[in-house]
Every structure is written in structure tokens, then in C-alpha cells.
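Novice: the following block contains a protein sequence and its predicted model.
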Amino acid sequence: MSQLEVAGAALTYDDEGPRDAARTPLVFVHGWTADRHRWDHQLKHFRDGRRVIRLDLRGHGESTGAGVPTIAELAEDVLALLDHLEVERFVLIGHSMGGMIAQTIALTHPARVERMVLVNSIGRMTYSRGRGLLMAASTLVPFKLFVAANIRRAFAPGYPREEVRAHIRASAGTPREVVMTLYGAMRAFDLLDRAGEIGTPTLMVHGYHDVQLPVRQMLRLAKAYPDAVVRVLDAGHELPVEKPAELTAVLDRFLAGTP
């Protein structure tokens, strides 16, 4: 674990695995209220054969810093870290809000992104009525209850309750200001009309039971991409922890260039 000071934040990150010029580094970016440990299974799997980089976004996990009003600013944090590590070209894997960051980087710095994987992510925020009511109520209920309600909805039915509670406790550690500011950043995120400009080979992996960002929204994005592969797994929104081995296997095949 190391830290880098970037624009008023201290970003905590891991940088593991061999510096093999023949194998492009993997960069993992987590989602809203999560942290870099969402990628524990993938880190353990890939670090023996590839350089693997993951970070806690500002205000999340072990990183400090206030929230920012745009996804583009989070993308600049990621790029600042990669510049610091002298990583010019990489494979970018983003979950949920991390996928929004990944798409922003692929659009603005296409030569740097060799491949991209979007896990439970979309190109334009469109909330269901239920999610909209939950977010509207966020100022009327205690913050921990608000976080708990969001996290419970993120998992597919039947996921172990104790594990859900552990994720609720972890997410509740994200400062309220960061949570709500970045919620606004996600609400403002919209790259759907420019998705056709992203020529990066892209894998979109989604949970069938995702009610936070429903699978139909991902399919709408996939239609706009010139080069996208879609995989739908039996999971909810938290695919990296609900089905870690299955997600890793899908990543393996994509990185190897096989369907």
C-alpha cells in the first residue's frame, strides 16, 4: 500500500505484480461508497503474471479528500496516479461509478487504453422511480440508514445477510459529503451520445438482478459501442464480490482475446 498526493487528496493504492513490458498493466477502479478491496479476488489471481494497480478513490477507503462535482475530475485523479507510476498504456476495469470513470478516460485518452471492462456500469444515469424516491429521502433519514438501504438493494436476492451487513458497515465509513457530492456527479454523467466514439475493445459484464443500474441500461450502451462484448451473470449490482471467481474467469477470456 502506498499513497500519492493529488489535488487536495491522498490517494491510497496498491501496485503489485511483475513489470513485464510484454503484458499491459491492469488498472481496477471501484464504485460509489466502495474501496479497492472490491477487487481482492482479481488482484490475487492476476498479480503473479501481470502488473496490477488498484486505488481507493478520493474520500473512499483509506484515501482522503473531499468529493468532486464531476466524474471527469475523478478520471483526472486516476490518470495522475498512472502518470506518477509511469504507466502509459493499460487495461482499464471499472465497476459502476468506476466504469463511468473508465469510459471518460477511454474517450479523452484513447491511445492509452488498450482494452476496457465495464462491470455493472452504464453511459447515462436513469434511475427507477424507487431509486429516485430513495435518493430524494436521503436528506430526511439518518445517513447510516440511507447507506444501508442503498447497499441492501445492490445485492441479488439470497446473498448472505452477514456479508451484506459487512459491506454496509464499510460503506457507512465514506463521509456523507463525499457520498452526496459524488451522487451528484453520477447524476450529471452522460456519455451515451458519444459512446460511438469509443473504439477501445470493450467487455461489458452485468448482473442480471441489478436493480441499481438495470441490465437494460447497459444493453442500451452496448448498442452504441462499435466494439463491445456483453456478458450477463447471475448476480446483482455488486458483481465483484457476489461472483468474484466467475467475473475473473470472464476477464481472463477477454484478456486472452477469446469469447
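Specialist: Received the coordinates, thanks.

Novice: for residue 151, see how far away residue 217 is.
Specialist: When distance is defined by Cβ to Cβ, to the nearest Å, residue 217 is 20 Å away from residue 151. For the C-beta atoms, the positions are set from N, CA and C on the backbone; glycine is no exception.

Novice: hey, where'd the helices end up in the stretch 151-259 of the chain?
Specialist: 161-171, 176-188, 215-224, 239-242, 244-255 (DSSP state H, counting those that start in this stretch).

Novice: any idea which of these is most buried?
Specialist: Mean neighbour count (mean count of other Cβ atoms under 10 Å) peaks for helix 239-242 among those, with a mean of 24.

Novice: so what does that one touch, helix or strand wise?
Specialist: strand 202-207 (3 or more Cβ pairs under 8 Å, 6 or more residues apart in numbering; DSSP states H and E).

Novice: return the strand it packs on as PDB; C-alpha atoms alone will do.
Specialist: Only the C-alpha atoms of strand 202-207 are listed here, as PDB (Å, rounded to 0.1, in the frame of the first residue of the first chain):
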ATOM      1  CA  THR A 202     -14.700  -3.300 -24.500                       C
ATOM      2  CA  LEU A 203     -16.200  -6.000 -22.400                       C
ATOM      3  CA  MET A 204     -19.500  -5.200 -20.600                       C
ATOM      4  CA  VAL A 205     -20.300  -7.500 -17.700                       C
ATOM      5  CA  HIS A 206     -23.500  -7.000 -15.800                       C
ATOM      6  CA  GLY A 207     -25.600  -8.700 -13.100                       C
END
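
Novice: list of residues touching it?
Specialist: Applying Cβ atoms under 8 Å, 6 or more residues apart in numbering, the external contacts of strand 202-207 come out as 106, 115-121, 156, 213, 215, 218, 221-222, 225, 227-239, 242-243, 247, 250-251, 254.

Novice: which among those count as buried?
Specialist: For these, a neighbour count by 16 or more other Cβ atoms under 10 Å gives the buried set as 106, 115-121, 156, 213, 215, 218, 221-222, 225, 228-231, 233, 235-239, 242-243, 247, 250-251, 254.

Novice: for the protein, name the helix or strand with the lowest mean pLDDT.
Specialist: Least confident helix or strand of the chain, by mean pLDDT, DSSP states H and E, is helix 129-136 with a mean of 59.

Novice: list the contacts for the spatially closest residue to residue 154 that is not a sequence neighbour?
Specialist: Excluding the flanking residues, the one nearest residue 154 by Cβ to Cβ, 6 or more residues apart in numbering is residue 237, at 4.1 Å. Residue 237 sits next to 96, 120, 153-155, 207, 210-213 when contact means Cβ under 8 Å, 6+ apart.

Novice: could you dump those to TSV with distance to residue 48 and pLDDT?
Specialist: Shown next, in TSV, are the contacts of residue 237 (distance: Cβ to Cβ, whole Å; pLDDT from 0 to 100):
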residue	distance to residue 48	pLDDT
96	27	95
120	26	96
153	36	87
154	30	91
155	30	93
207	28	96
210	31	94
211	36	89
212	33	88
213	32	90
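
Novice: just the buried subset of those, please.
Specialist: Buried among the contacts of residue 237 by 16+ other Cβ under 10 Å: 96, 120, 154-155, 207, 210-213.

Novice: dump these into a markdown table; add distance to residue 8 as well.
Specialist: Listed next are these as a markdown table, based on distance: Cβ to Cβ, whole Å:
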| residue | distance to residue 8 |
| --- | --- |
| 96 | 24 |
| 120 | 29 |
| 154 | 29 |
| 155 | 33 |
| 207 | 34 |
| 210 | 33 |
| 211 | 34 |
| 212 | 29 |
| 213 | 29 |
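
Novice: from those residues, pick the one nearest residue 190.
Specialist: Using Cβ to Cβ, residue 213 comes nearest to residue 190 of those, at 13.8 Å.

Novice: can you tell me how far that closest one is from residue 95?
Specialist: Separation of residue 213 from residue 95 (Cβ to Cβ): 10 Å.
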